[in-house]
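*Asks:* Need coordinates for the below:
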Amino acid sequence: MNFWDQRFSEPGFKYGTEPNAFLRDCAARLAPASQILVPGDGEGRNGVWLAGQGHGVTSVDSSAVGLGKAAELAAQRGVPLNTQLVDLADWAPAETSVDAVVLIYTHLPSAFRQRAHQALAHGLKPGGWLILEAFHPAQLAHASGGPKDVDMLYTPEQLTTDFAGLLSPVLAWHGETTLSEGPGHQGLAHVTRWLGQRLSFTSQKRKS
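*Replies:* Now for the predicted structure:
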């Protein structure tokens, strides 16, 4: 059993069942009935909420236990949810297949972070949105959640570099917020928020 299977085998929902606040704030940008990919969706709180807004959602994760809970949550709320067991180290969505990618606390090691981020960005249709919230390196000073390895924490500058040439940054911010997301994310935190839009193919060609 992998780390996340063990974590999600605990009773209840580690990060609650309500959507992330930044995702909720950004959701108005999404066109009705968008096709949305949610990598690292864990127990499904964000994917299920998006499905409840009328979007077509595919939640992917490396934990079969987490995806099982996501499917149960979707069933409880009466919404459809596609789930797929994947490892982001060696998986990519089909090119230009989705209208949005939602990455909420999906922390990847630097060994493949940029490669995975670019693969996810390539999955966006032109004009599609990428919504990301993660812990900043300054989170190491807080006890409200997140990896304790700086290699797994993100700065806005790193993310802008990761998505350069593919996404146009609309927001690249870091700062303090107070989290209340189940027992796993509670209290004062230092987060990075990044919002970007897929460039048109003609814009990409001009930049190359």
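
*Asks:* Let me know the pLDDT of Ser9.
*Replies:* Here, the pLDDT recorded for Ser9 equals 80.

*Asks:* Verify the stated contact: it with Val65.
*Replies:* Yes: between Ser9 and Val65 there is a contact at 5.4 Å, judged by Cβ atoms under 8 Å. Where you see a C-beta, it was placed from the backbone N, CA and C, and this is true even at glycine.

*Asks:* ok, these two, which is more surrounded?
*Replies:* Legend: neighbour count by other Cβ atoms under 10 Å for Ser9 and Val65, higher for Val65 (19 against 14).

*Asks:* longest helix anywhere in the chain?
*Replies:* helix 64-77 (DSSP state H).

*Asks:* Give me the contact list for that helix.
*Replies:* 1, 4-5, 8-9, 13, 17, 41-45, 47-48, 51-52, 59, 61, 80-81, 83-85 (Cβ atoms under 8 Å, 6 or more residues apart in numbering).

*Asks:* quick one: which of those residues sit in strands?
*Replies:* Mapping these onto strands (DSSP state E) picks out Ser59, Asp61, Thr83, Gln84, Leu85.

*Asks:* Please pick the buried ones from the residues you listed.
*Replies:* Ser59, Asp61, Thr83 (16 or more other Cβ atoms under 10 Å).

*Asks:* I figured the second one hits Gly42, correct?
*Replies:* Yes: shown here, Asp61 and Gly42 form a contact pair, counting by Cβ under 8 Å, at 5.8 Å.

*Asks:* about what we covered before: for the ones in strands among the contacts of helix 64-77, could you give me CSV that also reports distance to Gln76 and pLDDT?
*Replies:* Below are these laid out as CSV (distance: Cβ to Cβ, whole Å; pLDDT from 0 to 100):
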residue, distance to Gln76, pLDDT
Ser59, 15, 98
Asp61, 18, 96
Thr83, 15, 98
Gln84, 20, 97
Leu85, 21, 96
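
*Asks:* Mutual contacts of Asp61 and Gly42, please.
*Replies:* With Cβ under 8 Å, 6+ apart as the test, Asp61 and Gly42 both reach Trp4, Ala70.

*Asks:* And the residue nearest the centre of the chain, how far from Ser59?
*Replies:* By Cα atoms, centre = their mean, the mean C-alpha position of the chain lies nearest to Leu103, the distance being 1.2 Å. Using Cβ to Cβ, to the nearest Å, we find Leu103 at a distance of 12 Å from Ser59.

*Asks:* nearest spatial neighbour of Leu88, skipping sequence neighbours?
*Replies:* Counting by Cβ to Cβ, 6 or more residues apart in numbering, Leu88 lies nearest to Ala116, which is 4.7 Å off, once chain neighbours are set aside.

*Asks:* pretty sure the one you found is touching Leu108, no?
*Replies:* Yes: contact between Ala116 and Leu108 holds when scored by Cβ under 8 Å: they sit 5.6 Å apart.
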